[in-house]
Structures are given as structure tokens and as C-alpha cells.
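>>> sharing a sequence plus its predicted fold:
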Amino acid sequence: MVHPRLSAFSLLATSILVATPSWAQPATKESDADASERQRRLETMKLAAAEYEVSLDIDTKAKLRLQAEPVLRWTNPVRGTTDGAVFLWLVEGRPELAAGIYKWPSASGEPDMEHELSSLSPRKLKAVRGGRSVWEPATPGVELKAIPGAPVPADSEAGRSRQLRALAREFTAFHDNPPRPKEELRLLPQPIYRYEKTRGDLLDGGLFAFVQATDPEVLLLIEARRGAAGFTWQFGVARMTSNALHANHQDKEVWSVPNCWEQVTDRSLPYTAFFRQKLGQ
């Protein structure tokens, strides 16, 4: 999620809330009205995602397929975000684009939904909304690299699933925005998306999230791809926030991006954000 600024008091208060284990918090039951409002927000987020038509820039007629349901529903009390969801657009079972659509506090009368788009593609993308081009990054979103020391991909899907989770645990990711302390992000233990049936040089893969609270800040792709020596495990990393970020593999830095808050509305970059959005605009 894109917003980098909160007051010191808010950060202290919300960090205390996040640090409190779930078993120590009073049990609450969601009311019917709250559940209905949560479902209404989800439907609004799904409609917002469906407004984007995404294609590979080499073939604008071949549209990426939007997953109708989000792969992750999240909140971030550290930043004051009460509800958000992550949607994916796919090509032959592989996620090429991730969008975060979330509710952000706003002044009375202003739209309170915001969108962030992050390319997960090793190729260039293009997004159209309302019949006009709204995002056309000049570069691919990820660079795929071999995972040092990774085993040969297992023959069975179950074996590869175990390998995916074990390989993801070898990575760590951090916010790094001085003068604030460096913050390690939490890896969700299961992939938020397991690749559908693939073909050709892509055998298998999973998409993992490093989160603040449950808000994904860094996305990690791990894929079994064919090379000159057969199938090997490869990785790629993408941002889901304007903060400066780092990712390590077994304590060696393998990826970093600077704070991009001043460029976050640049529609030629592989990560961009749209503020105060409403349907059909």
C-alpha cells in the first residue's frame, strides 16, 4: 500500500495494537451490518478491478485474464487502511499484474478507494480504463534470476509445493526509509497464488507476499523454468508500496528499490498509483 506518512503518535498506537497477540484481544463478533458493508466494499473493489483491460504491449488484442476473486483480503492498522484486496491478471496461468485496491480515510464527500498497479511481468504491459490508456510502463516489472543453491524442481506437484515454501523462507524483505528504523516484513507462509496449469518453458510457480500487518508490501515470484540445463528454480521481486525496499536471499541482498513517493503517479513506471478513485471515472 502506497501511503508512507503517519504521525508518530499514530505509529506508536497502532504498533501497540499490532503487537498485541490475537489471544489477548477481546473476542468480537462481526454484526450483520458490518458483514454486509464488508461484502459491499468487496463488490466495489471487484468492479474497480474489472475496469482495467490489460495486455502485453506487443499484442494489445490479447487481453490478460482477470481473476474475478481477490487472492488476498487485507488490512493495515499501522497505516490506517481498513480494507483492501489484491487482484491478479494472468497469462496462461502466470500472474503478470497485481493490483491493490483499498479503502483509505478521506475527507467528507471525497472518494475513499485507491488503486496501485505493479507489473509482475518480464515483458512490458499496457492498461486501458474507460477506453483510454492509463498506464504503459516503459520497462518490464521483474527480472527473473536463478535461485542460488536451489534443488532441481521435483517431479510431482506436491513435491514442488514443498520446495516452493522452503525456497520462499530463504528470502527476507525490508522497509528501509531513514530516518525511520529498518523494518523487516513478515512472509506469509503460504503462496497467495499457486500458478495454474502452465505449459512450455514454465513448469510451475507460486506468488508469495511479505506484509506489514496483512498488507502486502513486497511480492516474490518463484518459478520452475526450463533453461539450457533443464528446469531450475528462478525468482523475481516486485514492489507494492512507494517505500524504499530491500530483499535478501540467505542474507545477501538480491533486490532493492528506492522510495518512489514523488514518482508514484508516473504512468511510465512499472509501479503506479491512482488516488481518490470512483467507479467509471
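Nice, thanks for sending it over.

>>> helices along this structure, start to end?
Using DSSP state H, the helices of the chain run over 8-19, 32-50, 157-168.

>>> out of those, which one sits most buried?
Mean neighbours per residue, mean count of other C-beta atoms under 10 Å, is largest over these for helix 157-168, with a mean of 16. From N, CA and C alone the C-beta is placed, and that goes for glycine too.

>>> and stretch 76-95, what's buried?
Across stretch 76-95, burial judged by 16 or more other C-beta atoms under 10 Å covers 76-79, 81, 83-91, 93-95.

>>> how far does it stretch from one end to the other?
24 Å (C-alpha to C-alpha, to the nearest Å).

>>> average model confidence for that stretch?
Averaging pLDDT along stretch 76-95 gives 94.

>>> what about the stretch 151-281 of the chain, any weak spots by pLDDT?
281 (pLDDT under 70).

>>> which residues of it fall in strands?
171-175, 183-184, 186-187, 193-194, 202-212, 215-227, 230-239, 245-249, 252-257, 271-277 (DSSP state E, counting those that start in this stretch).

>>> name whatever forms a beta bridge with His249.
Phe171, Lys252 (DSSP bridges).

>>> now tabulate the helices of the chain in CSV and tack on distance to Leu269.
Shown next, in CSV, are the helices of the chain (distance: least, C-beta to C-beta, whole Å):
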stretch, distance to Leu269
helix 8-19, 27
helix 32-50, 20
helix 157-168, 26
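
>>> ok, which of the ones you listed comes nearest Val218?
Of all those, helix 157-168 sits nearest to Val218, with 11.5 Å by C-beta to C-beta.

>>> what sits against the residue of the chain most remote from its centre?
Using C-alpha atoms, centre = their mean, the residue of the chain lying farthest from its centre is Ala229. It sits 31.2 Å away. Counting by C-beta atoms under 8 Å, 6 or more residues apart in numbering, Ala229 makes contact with nothing.

>>> one more: Lys63?
Residues in contact with Lys63 (C-beta under 8 Å, 6+ apart) are 53-55.

>>> ok so, going back, how about the strands of the stretch 151-281 of the chain, which one is nearest Arg40?
Taking the strands of the stretch 151-281 of the chain one by one with C-beta to C-beta, strand 271-277 is closest: 16.2 Å.

>>> what strands flank that closest one, and is each parallel or antiparallel?
Applying DSSP bridges, one finds strand 271-277 paired with strand 113-119 (antiparallel).

>>> what sits up against the partner strand?
So strand 113-119 is contacted by 1-2, 44-45, 48, 52, 96-104, 125, 127, 135, 137, 140-142, 219, 238-241, 270-278 (C-beta under 8 Å, 6+ apart).

>>> ok, residues contacting stretch 179-186?
Counting by C-beta under 8 Å, 6+ apart, 172-176, 210-212, 217-218 sit against stretch 179-186.

>>> and that stretch, how far apart are its ends?
Using C-alpha to C-alpha, the two ends of stretch 179-186 sit 21 Å apart.

>>> equivalent analysis for stretch 195-209, please.
Counting by C-alpha to C-alpha, you get 14 Å between the two ends of stretch 195-209.

>>> any buried residues in that stretch, and which?
Buried residues in stretch 195-209, counted by 16+ other C-beta under 10 Å: 195, 198, 202-209.

>>> before we move on, back to that, in TSV: the contacts of stretch 179-186, plus neighbour count.
Shown next, in TSV, are the contacts of stretch 179-186 (neighbours: other C-beta atoms under 10 Å):
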residue	neighbour count
Thr172	18
Ala173	25
Phe174	20
His175	21
Asp176	18
Phe210	24
Val211	19
Gln212	23
Glu217	23
Val218	28
